[in-house]
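Engineer: With the sequence up front, the predicted model follows.
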Amino acid sequence: MSGRLKSGGAIDRDEVLRFHFDDREYFGHPGDTLASALLANGVRLMGRSFKYHRPRGLLAAGAEEPNALVRLRSGRAAEPNLRATMVELYDGLVAESQNRWPTLRFDVGEVNSLFAPLFPAGFYYKTFMWPASAWKHYEWAIRRFAGLGRAPEPGDPDVYEHRHAHCDVLVIGGGPAGLAAARRATRAGARVILVDEGAAFGGSLRGNGQAIDDAPGLDWVADVVADIEAAADAVALPRTTAIGYHDHNYVTLLERVGDHLPRPESGQPRRRLWKVRARRVVLATGAIERPMVLADNDRPGVMLASAVQSYLNRQAVKVGERVAITTNNDSAYDVAVQLKAAGVAVPALIDLREEVAPALAERLAAQGIELLLARAVVQVHGKYGVKGVDVMRLAPDGERVSGEVRRLDCDALAMSGGWNPTVHLFSQSGGRLAFDETLGAFLPGTGGQPAAVVGAAAGRFDLAACLADGDAAGLAALEAAGITRKGRMPQGPAAEASTAGTPPRNLWQVPTGPGKAATAKRFVDLQNDVTASDLALAAREGYRSIEHVKRYTTTGMGTDQGKTSNVNALGIVAGTLGQEISAVGTTTFRPPYTPATFGAIAGRHTGLNLDPIRRTPMQAWHEAHGAVFEPVGQWLRPRYYPRAGEDMAAAVNREVKATRTSLGLLDATTLGKIDIQGQDAAEFLNRIYTNGWKRLGVGRCRYGLMLHEDGMVFDDGVTARLGENHFHMTTTSGNAGAVLSWLESWLQTEWPELRVYCNSVTEQSAVAGVSGPNARLLMESLGGDLDFSPEAFPFMTWQDGTLAGLPARVFRVSFTGELSYEINVAASLGTALWETLMRAGAAWDITPFGTEAMHVLRAEVGFIIVGQETDGTVTPIDLGLEAMVSGAKDFIGKRSLARADTARGNRRQLVGLLPEDPYLVVPEGAQIVERAGMAPPVPMIGHVTSSYFSPNLGQAFAMALVEGGGARHGETVQVCWDGRSAPAKLCPPKFLDPDGSRARA
Amino acid sequence: MTKYSLLSLVRNAGRGHRDWREAWRSPEPKPSYDALIIGGGGHGLATAYYLASEHGLTNIAVLEKGWIGGGNTGRNTTIIRSNYLEDASSRLYDHAVDLWEGLSRELNFNVMFSQRGVMNLAHNEHDVRELRRRVHANQLNGVDAEWLWRDEVQAFCPVLNCDPAARYPILGATLQRRAGVARHDAVAWGYARGADRRGVDVVENCEVTGFIIRNGEVRGVETTRGEIRAPKIGVVTAGHSSVMATMAGLRLPIESHPLQALVSEPIKPILDTVVMSNAVHVYVSQSDKGELVIGAGADLYNSYAQRGSFPVIEETVRALVELFPFTSRLSMLRSWGGIVDICPDASPIISKTPVRGLYFNCGWGTGGFKATPGSGWVFAHTMARDEPHSLNAPFTIERFHSGALVAEHGAAAVAH
């Protein structure tokens, strides 16, 4: 029976914390984890396994725990799959077990165990294929058995935030090696970030009670942490896990800010994602103990020896009254001695090795603990908790056991199968791993980034060596960072060096005993229920690469990412194949090191903060006047301004009609605006646009088309010449960023010799477009120094001046086909301009119109919208814009226009489309075919790009791209959508004012 | 070779599963073959399988520099659909879906093709127009496609955030019910086993280091395991296609980019379809094991290293949390990268080359997995007959000279 000791441990016995696990109430203390508190209350059973639903308890005390996964908190704050070993206890904590029904103790899923012989690795690849249509039913059932916890609910009550940081030295791991490095770097004045995933610093020192500088190790830890906290440029972050090591020493850290509290403190995030760019990284990530692969090693009460020790020393919890120990290395001897000292019976220490150093044997003898050498545990008894173990003699080759079966009564088994340095981050950084035959583990090898791996993470387990290692890494980091030492450097910390030990005996699977025990399961990956025989089966079936084995058996693919299973699996596969482990391969460790909450990765970029919302200076006016908005890129643009009782169609018709007959007003601020300057600016535009720009006079504007290299239209817009070497380019609203990137990529990578400078000035101005036959009257009524007569201010020119007292730049350009002026003022004057125009325009019943009316107006006169009439497959010629394509000069995409397919005559070409039913607005995106009623596959000859009702024409009309359409005006085709079709006649894509006289008026 | 079935599983259970034979042999490469496939991914193995099963070419080998299925086959998010815009693509991909439907039986290996439907979401009027255009084209091409408005989307996938007040609200979606997902590794293993059973040598750990070309004709390859001769060689090496082409003295219009994916911790079933969004960029399904399988966008830079950048992961996760708010308190378990070979028109190259006997199958970009059976099927035809099948005739290298591109940027669904 597990329970709490009367004294010792880093817990506060004076304070009692109440908590619930599966609806039962328990008590613990500050300093407990959920795992230790449950153990202290005698709870062993904490979970059910993935596949067989076997009862499971704790294996570990840290992040590597595969079994004890719980759902923490309730309602919208519930979070599944948390490791009980990493959950700090707080008052009122509520947790429940997972993957069981109806209860943890009586779990119906356990019937799976009965059919276990039918469920070897990869069984699902071999069956469920008959009948062919039945897979979806099999799958339905399989999916219900799979999965661990239930999904959380939407409506996360907490917030998450991000923080960027730079430092000279990032030390990952606050054990002795990491602290020694951080101490050295901090004292020299370096910018240091020290992180540890635990609630407190100290690492192994928290669990093993070793001394430094002749004082308790934890005193030294406290001194170092105090130093760091006192330093101006250093920070020590507990409860912070380095989850990803990316290129250029970019490391992501996940800080659990509020998880140890009932709820995060007011104003604090629950978790914080740090993005750190470090000059040097010190990886002091320690090592994780390996389980032994022995029969029924998954029973509650079978634990890693280091976990037994950790619970004993950190939380004063004994995992049992009689704890047997089995090991293949020296580290478990301390555990035996400490258990005994705490009053726990240790019936025997069972060591796989033939012999050990006499000093070790004597230590046990002095405590009266029996030492069984060359022996192995061949069977664990007990289903819901250990009741005893069977021990037999292990043959020198490790393949067999022999002799009598000796049963030891015990209620827990501590095991140590050796140690795996935590090389995950080193591997993520791009470093190669090297297998060390003596340790039976992967060590950091070559490659990687500017980092040092120190202490146990580098395979040095002795405290003195760890301290020296860390201290040296701290010094090296200073040197690399170019930091000169300040003042007198202190001595490095010192600890008693341990005597040379006996190397571990690496036995990847312990043989099973005779009789029924021979078929007992020996688990390798406890979370995914992968056994030694599953791995052997995979190897036998030809899955020889360790990646194949992983994927076929799912070993190492659980939420613990194989922290306790990967090397054992590799050893077993190598053994089965008769190969060296290094030949079977290593697995690549992938971020994150431990599971990372999506909410924390998203940070504040959720909800309306997902993407910035761009609003024009006139937004408030639009809102106040009932505009309905539509997103255009990041912008919100008024789509239409419905009046009382109007639907969208009515509003749009009114806006269109008003603009065509009198006066309309459009917020055109969102058009992309790029300021282009430099002595080669005209030459640059000449290369970017299809038409010529060199002879454009200052003061004039020109419409331009730009193509990608493939000859397809990419963007369009009007660009004005402000000066000899100065242009003002406009782009489509949604494409502004892409166009600027396009310009820059050509300038920077292809034409660095051109003296041209581009700047986005979109947000600098507010733009109001007045449009309609009365536009000139309005402009003249405003008062100012500009002459709007056609002679003084012709079409496609611009002028600076004052309008109604506002400094403005006016472009006389038109997208509606009406007489139009686009008035640019400083963004801060946008509302003033707008309101002035509305006031002055009242005489002509000025009507604000949105994007929808704008689309109708421009379509009536046959102007295209890039992205609507074009889709990346349309050339200027396809659009009937041959006149825009210069034959005299080169430009981007020109060569492609001459390609055979691009130059052929029957490409899809822009046409107008008049449905025979004049009130039928065919859907945009409808397909065009020659005749109705054909069975699929139906040859398609085009599609509808734009389609509206025109109140000016009194009928519906559309634009379309149709094969050879330019030569088919007057013919009738069928427009098809959703199983319907409608006849429509092809016509030129200009429905009003074909010679453009209205805009020139 | 034991046939896989429930019966054989029961029979072997009685013998402790000791009698299962290897799924495919590990032969030493022979000095010469009738044809070679370079690249042991799904497409390469499928090519070998169909060369043997459809064209009677059995003295052939697949050369894989690492372990089969270790490239994009084992790294993708396993989405299978055929709702492409262009006629040529929809025919090619729909043919693949036809093959997917019978693949587990054909290979006697359960590839778990799960037709749970794929939705492509529209978040603005432009999306609606373009996606409905695709639906209309699909319907006329005989490819199943439906358009769902917001309420129907919500009913079909209740966990989606269909709040009209969202930053980029869902306006509607296309739905292809025949589409779905499959178990990626099983596809490589199943084809390897099927090809092996027909005599094909699947040779792992054999890296091609050069081509032997005489008088404009390919004769064989140099490999890390010696020279291997063959008169026909098909290259199916995805992200490394441009490297292989360089070895053969060719240049391909291909850029290689990292593409990342990630999975959540396993949870009980909550998402029973595949959701793809281009505007709020993410695509999501839930595996049979319970993990949410999440696809990210391609990194902008070119690379041959199978790792991408963290900002792409961040953008993807934001989109995930926005579309599926329950994921805020769920955790990312694993992320990884693959290298995708992207053509300028986002369509593949399945083609003869100027070198006689040398064929390339590449440029599948961000969505090659779905095509695996169809790709292998037409490529086998192309290699066996030395001329393309009508399904892949539009996908030649020459199209980049003629300009007859198969533009599928919209349908590729991945921002690139």
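Structural biologist: Here it is on my side, so go on.
Engineer: Nearest to the middle of chain B, which residue? Look it up for me.
Structural biologist: Centroid check for chain B by C-alpha atoms, centre = their mean gives residue B:369 as the closest residue, at 1.3 Å.
Engineer: what's near enough to touch the nearest residue to that residue once chain neighbours are set aside?
Structural biologist: Of all residues not flanking residue B:369 in the chain, residue B:76 sits nearest, at 4.4 Å (C-beta to C-beta, 6 or more residues apart in numbering or on different chains). C-beta coordinates here come from the backbone N, C-alpha and C atoms, glycine included. Counting by C-beta atoms under 8 Å, 6 or more residues apart in numbering or on different chains, residue B:76 touches B:184, B:261, B:295, B:338, B:368, B:369.
Engineer: so what's the residue nearest to the centre of chain B up against?
Structural biologist: Residue B:369 neighbours (C-beta under 8 Å, 6+ apart): B:42, B:72, B:73, B:76, B:77, B:78, B:79, B:80, B:182, B:184, B:187.
Engineer: Just want the phi and psi numbers for residue B:371.
Structural biologist: Torsion angles at residue B:371 (phi, psi; degrees, to the nearest 10) stand at phi -90, psi -10.
Engineer: in the sheet, who's paired with the spatially closest residue to residue A:765 that is not a sequence neighbour?
Structural biologist: Leaving aside its sequence neighbours, residue A:765 sits nearest to residue A:824 (C-beta to C-beta, 6+ apart; 4.3 Å). Beta-bridge partners of residue A:824, counted by DSSP bridges, are residue A:767, residue A:809.
Engineer: There's contact between residue B:168 and residue B:279 in this structure, I believe.
Structural biologist: Yes: counting by C-beta atoms under 8 Å, residue B:279 is a contact partner of residue B:168 at 5.5 Å.
Engineer: shared neighbours, these two?
Structural biologist: Counting by C-beta under 8 Å, 6+ apart, the residues touching both residue B:168 and residue B:279 are B:123, B:124.
Engineer: Settle it for me: which of those two has more neighbours?
Structural biologist: The residue with more neighbours, out of residue B:168 and residue B:279, is residue B:168; 20 against 16, by other C-beta atoms under 10 Å in any protein chain shown.
Engineer: so who does the more buried one touch?
Structural biologist: Going by C-beta under 8 Å, 6+ apart, residue B:168 touches A:610, A:611, A:631, B:123, B:124, B:279, B:280, B:322.
Engineer: Now these in TSV, please, with extra columns for distance to residue B:175.
Structural biologist: Output for these, formatted as TSV (distance: C-beta to C-beta, whole Å):
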residue	distance to residue B:175
A:610	24
A:611	26
A:631	23
B:123	16
B:124	19
B:279	17
B:280	18
B:322	20
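Engineer: Highest neighbour count among those residues?
Structural biologist: Of the contacts of residue B:168, with other C-beta under 10 Å as the count, residue B:322 tops at 26 neighbours.
Engineer: Could you tell me which residues of the stretch 651-800 of chain A lie near chain B?
Structural biologist: Counting by C-beta under 8 Å from any C-beta of the partner chain, the residues of the stretch 651-800 of chain A lying close to chain B are A:710, A:711, A:734.
Engineer: tell me the phi and psi of the spatially most central residue of chain A?
Structural biologist: Among the residues of chain A, the one closest to the centroid is residue A:601, at 6.0 Å (C-alpha atoms, centre = their mean). Dihedral pair for residue A:601: phi -70, psi -40, per degrees, to the nearest 10.
Engineer: residues touching the residue nearest to residue A:16 when sequence neighbours are not counted, list them.
Structural biologist: Nearest non-adjacent residue to residue A:16, counting by C-beta to C-beta, 6+ apart: residue A:27, 5.3 Å away. The contact partners of residue A:27, taken as C-beta under 8 Å, 6+ apart, are A:16, A:17, A:18, A:19, A:37, A:41.
Engineer: What about the third one, how many residues nearby?
Structural biologist: Translated: residue A:18. With other C-beta under 10 Å as criterion, residue A:18 counts 13.
Engineer: any idea what it is structurally, helix, strand or coil?
Structural biologist: With DSSP: H, G, I helix; E, B strand; the rest coil as the basis, the three-state label of residue A:18 is strand.
Engineer: follow-up on the earlier one: now list the buried members of the contacts of residue A:27.
Structural biologist: A:17, A:19, A:37, A:41 (16 or more other C-beta atoms under 10 Å in any protein chain shown).
Engineer: re the thing from before, tell me how far the residue nearest to residue B:369 lies from residue B:368.
Structural biologist: Using C-beta to C-beta, to the nearest Å, residue B:76 is found at 7 Å from residue B:368.
Engineer: One more: residue A:525?
Structural biologist: Residue A:525 is 31 Å from residue B:368, by C-beta to C-beta.
Engineer: More neighbours: which of those two?
Structural biologist: For residue A:525 versus residue B:368, neighbours defined as other C-beta under 10 Å are more numerous around residue A:525 (27 against 24).
Engineer: OK, contacts around the more buried one?
Structural biologist: Contacts for residue A:525 were tallied using C-beta under 8 Å, 6+ apart; they are A:66, A:553, A:554, A:555, A:556, A:557, A:558, A:562, A:565, A:569.
Engineer: Now do residue A:304 against residue B:47, distance only.
Structural biologist: Separation of residue A:304 from residue B:47 (C-beta to C-beta) stands at 48 Å.
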